[in-house]
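>>> Fold the stuff below for me.
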Amino acid sequence: MRVNNFATGIRELARIMLHDFAPDKDIKVCEWYVEETNLAGQVVFSRAQRIRYAVHAGLPEEFVQDTLGVDVQQTITTFNALNSQLSKLTHVTPETFDLGEQAADELAQQALDTLISLFTTIDDCRSAVHKAVEMSAKNALTDEMLDSTVEALDEIATHYYVDEVHIDNLKLESLGAEEIVFKASGTVDCTLQYGSDSDVANDIGMRVDDNYPLTCEFVADVTTPLDLTVRELYVDNSSFYE
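Predicted coordinates for the structure are as follows:
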């Protein structure tokens, strides 16, 4: 009975977790989604679809497998095998009743290990996404600062030049069905110029090297996760006035 109760509880916990990680409405808008129906012709969302969304949300399957190197299918296979075993043990039959204590403990450990494995795969995928976009994020931020006017720098000098951008912290903020969002912090190395180029050449102007902290948000469509654009860029120039 202990095994029966455990199997029922852990199976329901897994089901609830997957529903929380993978809502129907989000799965439905993913590029990889293919509609599935039951024998009555009703649209259903399979366990495999929920696991896939829980692991990589709307990211294309080819990107997850080929670029990130995350084996989602293995996670699905392992999880389904566990669920089948738990389902058999939720029914009290001569085959499942009076299971030995050692076998019961082994089953419990296997079930918990599989649940942990699902979380680990989710974490591994997000870590791989993080690593894959690091260089893209730096390039996108540098391009943004070279192509656009940064008001915080523009207001403290006649002219300014961005020398280099450093990203010290990049965090995956959200990975959804249609959009992926990162938040970053770092610094920008810049040259502040006072006066025109001729003023500087005639020694009546000057250039000063300085750096300032920055924060920004990157966003990309999940279908092109490495094509990041900068959103909400903020450069803190408060130290200039100190």
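
>>> can we go C-alpha only for contacts and neighbour counts from here?
Fine.

>>> List the contacts of the residue of the chain most remote from its centre.
Relative to the centre of the chain, the most outlying C-alpha is that of Asn202, 52.4 Å out, by CA atoms, centre = their mean. Counting by CA atoms under 8 Å, 6 or more residues apart in numbering, Asn202 touches no other residue.

>>> Please read off the pLDDT at it from the model.
As summarised for this prediction, Asn202 has a pLDDT of 93.

>>> Thr96 now?
67.

>>> Near the closest residue to Gln65 other than its chain neighbours, how many other residues are there?
With sequence-adjacent residues excluded and distances taken as CA to CA, 6 or more residues apart in numbering, Gln65 is closest to Asp71, at 6.1 Å. Asp71: 15 surrounding residues under other CA atoms under 10 Å.

>>> For the chain, give me the ranges with low pLDDT.
Scanning the chain for pLDDT under 70 picks out 96.

>>> Map the structural domains onto the sequence of it.
2-130, 133-241 (automatic domain parsing).

>>> ok, what's across the strand from Ala220?
Counting by DSSP bridges, Ala220 is bridged to Ile180.

>>> that older thread, settle this for me: the residue nearest to Gln65 is touching Phe63, isn't it.
No: if you go by CA atoms under 8 Å, Asp71 and Phe63 don't touch, sitting 11.2 Å apart.

>>> contacting residues around stretch 128-136?
67-69, 170-172, 225-228.

>>> in that stretch, what counts as buried?
By neighbour count on 16 or more other CA atoms under 10 Å, the buried set for stretch 128-136 is 128-130, 133-134, 136.

>>> same check, this time on stretch 11-18
Buried, per 16+ other CA under 10 Å, within stretch 11-18: 11, 14, 18.

>>> With just CA atoms, put it into PDB.
Taking C-alpha atoms only, stretch 11-18 is exported to PDB below (Å, rounded to 0.1, in the frame of the first residue of the first chain):
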ATOM      1  CA  ARG A  11       2.500  10.500 -10.900                       C
ATOM      2  CA  GLU A  12       0.000  13.200 -10.100                       C
ATOM      3  CA  LEU A  13       2.900  15.500  -9.000                       C
ATOM      4  CA  ALA A  14       4.600  15.000 -12.300                       C
ATOM      5  CA  ARG A  15       1.400  15.700 -14.200                       C
ATOM      6  CA  ILE A  16       0.800  18.900 -12.300                       C
ATOM      7  CA  MET A  17       4.400  20.000 -12.800                       C
ATOM      8  CA  LEU A  18       4.200  19.500 -16.500                       C
END
